[in-house]
Each structure stands twice: as structure tokens, then as C-alpha cells.
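Chemist: Build the 3D model from these lines:
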Amino acid sequence: MIKFQEKKLEILSTDKAPAAIGPYSQAVKCGGLLFCSGQIPLVPETGEIETGDISRQAERVMDNIAAVLSATGAGFDDVVKTTIYLVNMDDFAAVNEVYGNRFPGHKPARSTVAVKSLPRGVLLEIEVIAAL
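Modeler: Modelled structure (predicted):
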């Protein structure tokens, strides 16, 4: 994990999740909150998009989120807000099932938004905010 301090912000990253594909950080800690950039279904080791149906892609996204959270000492129990971006709202039920399995106890606040497109032509992206 790479860390550096800048203006009360701590920029965090891990090689266990896909590297940023643009000018952003995997996660930024500010005060007691951790803001995690949206994760798409990229395989960290290859940088390629996860193959398979929307459920498999959602699992990959949640695995990537778990890796970022873990690298900062957090977990899904610390997540307070999520935003899900879907290209096709017909995928909502399948993504919701995968998502729900990661939050068996507490349920964070959540928004789900339909979008026209996402980076690299993927079908979903999920971002989270966690309390540390």
C-alpha cells in the first residue's frame, strides 16, 4: 500500500485492486471518512474486463471494492453510502443479489443510477464511502 499525506488528505492505493486508469486515486481518506473511487469489473492482475454475465461482473466489482477497503483497514461493515451505476436497469435484480450478499448485516444508504455508458464499455460501476 502506498500512502502520502497532502493537505489533510491521505491518498491510498493497493495493487490488490485495479490501478487507476485516469487522473484519480483508488481512495482518499479525509477525517474519519474514506472515499473510494468507483470500481468497474477489471481484473487487477491483467487490467482486462471480467468475462461472464452481469452477476460475475458484479462479483468482480465487489471483490475490487473489498480489496480497496481491506488495504485501508476497513471492510463492508464500515460502508455508510454506496452508488451503483448501471447501463441497463434490467440488470438491477442480478446486481442487487450480489451486492446484498456483501451486506448481510447492516445496509448502507444507496443510490442506483441508470447511465448511458461507462468507462471501457462496462455494464456497471460501484463507488463507496466508509467511516473509519
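Chemist: Could you report the neighbour count for the nearest residue to Leu123 once chain neighbours are set aside?
Modeler: Spatial nearest neighbour of Leu123, excluding adjacent residues (CB to CB, 6 or more residues apart in numbering): Val87 at 4.9 Å. Using the backbone N, CA and C atoms, a C-beta is placed for each residue, glycine as well. Using other CB atoms under 10 Å, Val87 is surrounded by 17 other residues.
Chemist: do the same with Ala19
Modeler: 11.
Chemist: gap between Leu34 and Asn101?
Modeler: 21 Å (CB to CB, to the nearest Å).
Chemist: so what secondary structure elements neighbour the longest helix that the chain contains?
Modeler: Looking across the chain with DSSP state H, the single longest helix is helix 54-71. Counting contacts by 3 or more CB pairs under 8 Å, 6 or more residues apart in numbering; DSSP states H and E, helix 54-71 packs against strand 9-13, strand 33-39, helix 92-102, strand 124-131.
Chemist: In PDB, could you pull the C-alpha coordinates for the longest one?
Modeler: It refers to helix 92-102. What follows is helix 92-102, C-alpha atoms only, in PDB (Å, rounded to 0.1, in the frame of the first residue of the first chain):
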ATOM      1  CA  PHE A  92     -30.700  -4.400 -11.300                       C
ATOM      2  CA  ALA A  93     -32.000  -7.600  -9.700                       C
ATOM      3  CA  ALA A  94     -28.900  -9.600 -10.500                       C
ATOM      4  CA  VAL A  95     -26.500  -6.900  -9.300                       C
ATOM      5  CA  ASN A  96     -28.700  -6.300  -6.200                       C
ATOM      6  CA  GLU A  97     -28.400 -10.000  -5.300                       C
ATOM      7  CA  VAL A  98     -24.600  -9.900  -5.500                       C
ATOM      8  CA  TYR A  99     -24.500  -6.600  -3.700                       C
ATOM      9  CA  GLY A 100     -26.800  -7.800  -0.900                       C
ATOM     10  CA  ASN A 101     -24.600 -10.800  -0.200                       C
ATOM     11  CA  ARG A 102     -21.800  -8.400   0.900                       C
END
